[in-house]
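[1] next come a sequence and a model predicted from it.
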Amino acid sequence: MERADTSLEFELQAANRLETAGRLGEAAALYEQLQQRFPDAAEVYRRYGRLKIQDGDSAGALTLLDKARSLAPETPEISIDLAEALMAAGERQGAETEVERAIDLAPENGDYRVKRALLYLERGERDAAIACCSAALEHAPQTKGAQQILGTLHWQGGELEAAAAALQAARQAEPPAADPNGLLALALFALGRPREIAGLTRCLSDSQLYIEIVVQAIYTWEAGRFEYCRQILERANAVHAHVADANRTLVFRPLHRILAALLDFGITNSKLYEQEATAPIVVVGDNQALSAAHLPVLLDGEVHRMRSAFVNVGKAWHLAKPENNPTRAAVVAVLDRLPAGTKVAFSFGELDCRYRDSLISHLKAHPTLDRAASVAALVAAYLDRVQELTAARGLAPLVVVPPAPNVKLRKIASTDRGLFADVTRGFCEGLRSAAKARGIPAIDLYGATLKTPRDGPQEDAASPEATGLEAKDELFIDGNHVLPSAYLAAFERL
């Protein structure tokens, strides 16, 4: 592109300041003037075209960018802007062609290949996106967007080592790439490298920092460093006070509250934890597993100490899937670190407070499916996976039957209550029965927490919409997660 004179550069900077301030109308007026004064300046048409894209006028943007192309046909930035305008106009094929043109014009620019990778991902072409990002790094090793995409895709595919390596590289860029869901911290945690989280370079947002601090707190809780865990949670509170987008922390805020409640429970009930134990039972699972940590329990005439091995957002649905995924990869990483003969309790339910996850959402999307058969198939696939993973490593399996949901009916859409009750009851009762048939001990949180008639009337018992699944509230931290006393009650039943 021809070099604009000093006057044009000054005017373009002024237009940019107006855009940055959100004064798009004034910026557009300035561009109109510049077109008259500098009719052969491709940069004026390019920038005005970009403003049109921002203003939602894709047709106007295409006219301006075509003019810019005619003035500077070998400018790759114009091709990238044309691609954006074409996408806004719904012309995907044309957008892809323009990105390919930009790559041909400037093969050393890794960011153009990143844009191509994003277009592949919008079509669901994961392998093509990975290849595109890999090519970007070959030409420009510092392309953090390529590392970020690779890290996310490797995470989604359960390739934890590759995910951690790519996300580390993106994090070490200047400025660091965003990691809004804390995937680097979660990958390091799953790989048994939680100490590295504290040494990560600075991140871009308070929400990301909050997630990483909570993950550190989980590690200190599982390691039995209770005072340090409390200090970390205090720091997390201070950071969360400045979080601008609370939606980013929705999964981790409950984890924070659970850890705080468990620390308080441990202080109040310190004598529960004092009994000597001979061997561990490792409880691997998501939030529910944290409540088991450090408790001594009696099994087969021997006192065992329970340990928790946290897996983020893990459900039986994820563990049973045939394709690899972050949940299954994290479980495998935990199991690979255990010596043969270790007792391992799998704590993966079907539901959490977002009760539409997994099987319920699947059944709603396919209403002709038989509910009972679908639940039974999930239970069988889950137990198959449990036995497969433990047998291959010489481990002794147990399963934790999820607790009765402590969710009030008013929080569940009336149209979903029957489905909610069928899946919850079917999964818990089916898991308990199927585990017994296979000779797998079951730690029955469901039976320990379900309120029965002799425990008192159930809420809304006379209503036809009642689920009949009311829980013993005194055994819960919140609407879904149990106190350690629920595990003790379950072992008494066992």
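    Good, I have the coordinates.

[2] so where is this protein shaky, pLDDT-wise?
    Per-residue confidence of the chain (counting by pLDDT under 70) places the weak regions at 1-5, 351-358, 408-410, 453-468.

[3] cutoff 50 now
    Counting by pLDDT under 50, the chain has low-confidence residues at 1-4, 352-354, 458-465.

[4] the helices in the stretch 351-494 of the chain, which residues?
    For the stretch 351-494 of the chain, applying DSSP state H, counting those that start in this stretch gives helices covering 359-365, 371-391, 417-437, 445-449, 484-493.

[5] closest one to Gly151 among those?
    Of all the helices of the stretch 351-494 of the chain, helix 371-391 sits nearest to Gly151, with 25.4 Å by Cβ to Cβ. Placement of C-beta: from N, CA and C, glycine included.

[6] which stretches of the stretch 101-250 of the chain form helices?
    Counting by DSSP H, counting those that start in this stretch, the helices of the stretch 101-250 of the chain are 110-122, 126-139, 144-156, 160-171, 183-190, 195-198, 206-222, 226-240.

[7] and the longest strand for the chain?
    strand 302-310 (DSSP state E).

[8] between the helices of the stretch 101-250 of the chain, which gets nearest to Trp317?
    Comparing the helices of the stretch 101-250 of the chain by their distance to Trp317 (Cβ to Cβ), the top pick is helix 144-156, with 15.3 Å.

[9] for the closest one, buried residues please.
    The neighbour-count check on helix 144-156 (16 or more other Cβ atoms under 10 Å) flags Lys144, Gly145, Ala146, Gln147, Gln148, Ile149, Leu150, Gly151, Thr152, Leu153, His154, Trp155 as buried.

[10] what is the nearest of those to Arg337?
    Distance from Arg337 was checked for each of the buried residues of helix 144-156 by Cβ to Cβ. The minimum falls on Trp155, at 19.5 Å.

[11] I'd assumed Glu161 was in contact with the closest one.
    No. The pair Trp155 and Glu161 does not pass the contact test of Cβ atoms under 8 Å, sitting 10.8 Å apart.

[12] C-alpha coordinates for stretch 145-157, CSV please?
    These are the backbone C-alpha positions of stretch 145-157, laid out as CSV (Å, rounded to 0.1, in the frame of the first residue of the first chain):
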residue,chain,number,x,y,z
GLY,A,145,-3.6,-17.1,18.8
ALA,A,146,-2.5,-20.4,17.2
GLN,A,147,-1.2,-21.7,20.5
GLN,A,148,-4.4,-20.7,22.2
ILE,A,149,-6.6,-22.5,19.7
LEU,A,150,-4.3,-25.6,19.8
GLY,A,151,-4.4,-25.6,23.6
THR,A,152,-8.2,-25.4,23.6
LEU,A,153,-8.6,-28.1,21.0
HIS,A,154,-6.2,-30.4,22.7
TRP,A,155,-8.0,-29.9,26.0
GLN,A,156,-11.4,-30.7,24.4
GLY,A,157,-9.9,-33.9,22.9
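
[13] quick one: that stretch to chain centroid distance?
    Taking Cα atoms, centre = their mean, to the nearest Å, one finds the center of stretch 145-157 at 13 Å from the center of the full chain.

[14] which residues make contact with that stretch from outside it?
    Contact partners of stretch 145-157, identified using Cβ atoms under 8 Å, 6 or more residues apart in numbering, comprise 110-111, 113-114, 117-118, 121, 126, 129-130, 133-134, 136-137, 160, 162-167, 169-170, 173, 177-179, 183-184, 186-187, 324-326.
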